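> pasted the sequence and its predicted model underneath.
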Amino acid sequence: MMSKSALLKVILLGDGGVGKSSLMNRYVTNKFDSHLFHTIGVEFLNKELEVDGRRVTLQIWDTAGQERFRSLRTPFYRGSDCCLLTFSLDDGQSFQNLANWKKEFTYYADIKDPDSFPFVVLGNKLDIPERQVSGEDARKWCRENGGHPYFETSAKDATNVASAFEEAVRRIQATDDRDGHLINTDTNTVDLQRKSQPQHSCC
Ligand SMILES: Nc1nc2c(ncn2[C@@H]2O[C@H](COP(=O)(O)OP(=O)(O)OP(=O)(O)O)[C@@H](O)[C@H]2O)c(=O)[nH]1
Ligand SMILES: [Mg+2]
C-alpha cells in the first residue's frame with residue numbers, strides 16, 4: 001500500500017534566548033538542556049507525525065535570534081509553510097519584537113499574501129513564575145495582527161509543545177492542500193483491517 005506523507009517546512013523565529021532551540025529539541029528528542037549555546041545561523045530536525053489521520057514529515061528549522069546573525073538566517077526563510085513567532089513570557093521586549101520578526105520573515109520569505117500565511121505565536125517559558133507578558137495582551141496582539149493561534153509553552157516541562165507544532169500542521173493543511181509536497185514513501189504495509197477478498201478461482 002503506497003502511503004504519502006506531506007513534507008512541510010516550519011521555521012522558528014524570535015529573539016535570542018526565548019527558547020526556539022529548546023522547543024525544537026523538546027518536540028523532536030523530548031529532551032531539555034538548561035545550558036544551550038546560542039544558535040549560530042540555522043539548524044533543522046525532521047519529525048514524522050500524523051495529524052487528523054494524515055502522515056506528515058515536519059522539517060523544523062531553528063534560527064539564530066541574535067541580531068548579529070541576521071544575514072546568516074534570512075536566506076533560509078524562503079519555502080517555509082508556516083512560521084512560529086516565538087517570544088518568552090518573562091521577557092517583555094521579546095514580545096514587543098514580534099512585529100519586527102513578522103515583518104522580517106514576510107520580506108525575506110517573499111510572502112505575497114501575509115494575511116493568509118500561517119503564523120502561530122508561541123509564548124514560551126510558561127514555567128517561570130515572573131511573567132512580564134499577560135495572556136490577555138498576547139491574545140490581543142494575535143487577534144489584531146492576523147488572528148494567529150496562540151500557545152503558551154514550556155520547553156522545560158513540555159507544556160503545549162506538541163499541540164503548538166500540531167496546530168502549525170493544521171494551519172498549513174487548512175491553507176492549501178499540500179499534494180504538491182506529497183512524497184511517496186514505499187512502506188509495504190499490509191492493511192490488516194481489510195477483509196481478505198474471497199478467492200475466485202478462475203479456472
Ligand atoms: N525555564 C525555562 N527555560 C527555558 C525554556 N526554554 C528555553 N529555556 C532556557 O532559555 C535559554 C535559551 O534557550 P534557547 O533554546 O537556547 O533559546 P533560543 O531562542 O534558541 O536562543 P538563540 O539560539 O540565541 O536564538 C536556555 O538556557 C534554555 O535552557 C523554558 O520553557 N523554560
Ligand atoms: Mg537557539
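It's in. Ligands and ions are numbered 1, 2, ... in the order given.
> hmm, residue 83 and residue 14 touching each other?
No: applying CB atoms under 8 Å, one finds residue 14 not in contact with residue 83, separated by 10.0 Å. (Glycine included, C-beta is placed from N, CA and C.)
> max-length helix in this protein?
Counting by DSSP state H, the longest helix found in the chain is helix 161-175.
> can you tell if that one touches ligand 1?
No: under the criterion of CB under 6 Å from any ligand atom, helix 161-175 makes no contact with ligand 1; the nearest approach is 8.7 Å.
> what does that helix contact?
6, 8, 10, 23, 26-27, 47, 49, 51-52, 54, 56, 58, 60, 81-82, 84, 116-118, 120, 122, 149, 151, 153-155, 178 (CB atoms under 8 Å, 6 or more residues apart in numbering).
> of those, buried ones?
Among the contacts of helix 161-175, those classed as buried by 16 or more other CB atoms under 10 Å are 6, 8, 10, 23, 26-27, 47, 51, 54, 56, 58, 60, 81-82, 84, 117-118, 120, 122, 149, 151, 153-155, 178.
> mark which of those are part of strands, please.
Among the buried ones among the contacts of helix 161-175, the ones falling in strands (DSSP state E) are 6, 8, 10, 47, 51, 54, 56, 58, 60, 82, 84, 120, 122, 151.
> residue 30 is in contact with the fourth one, correct?
When you say that, I think you mean residue 47. No: with contact defined as CB under 8 Å, residue 47 does not count as touching residue 30 (10.6 Å).
> circling back: and the two most separated of the ones in strands among the buried ones among the contacts of helix 161-175?
Spanning the widest gap among those are 54 and 122, at 22.8 Å by CB to CB.
> flag the shaky bits of the chain, pLDDT-wise.
1-4, 177-203 (pLDDT under 70).
> near ligand 2, which residues of it?
21, 39 (CB under 5 Å from the ion).
> send the alpha carbons of stretch 18-26 over as CSV?
Taking C-alpha atoms only, stretch 18-26 is exported to CSV below (Å, rounded to 0.1, in the frame of the first residue of the first chain):
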residue,chain,number,x,y,z
VAL,A,18,13.4,32.9,24.1
GLY,A,19,13.7,29.1,23.7
LYS,A,20,13.4,28.3,20.0
SER,A,21,16.1,25.6,20.1
SER,A,22,14.7,24.2,23.3
LEU,A,23,11.2,23.9,21.8
MET,A,24,12.6,22.1,18.7
ASN,A,25,14.7,19.7,20.9
ARG,A,26,11.8,19.1,23.3
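> hmm, that stretch touching ligand 1?
Yes: judged by CB under 6 Å from any ligand atom, stretch 18-26 comes into contact with ligand 1 at 18-22.
> which residues does that stretch contact?
Outside stretch 18-26, the residues that touch it by CB under 8 Å, 6+ apart are 12-14, 31-33, 36, 39, 43, 45, 60, 62-63, 65, 84, 86-88, 91, 94, 122, 124-125, 153, 155-156, 158, 161, 164.
> now swap in stretch 125-133 and tell me
For stretch 125-133, contacts defined as CB under 8 Å, 6+ apart pick out 18-19, 87-92, 95, 123, 152-157, 159-160.
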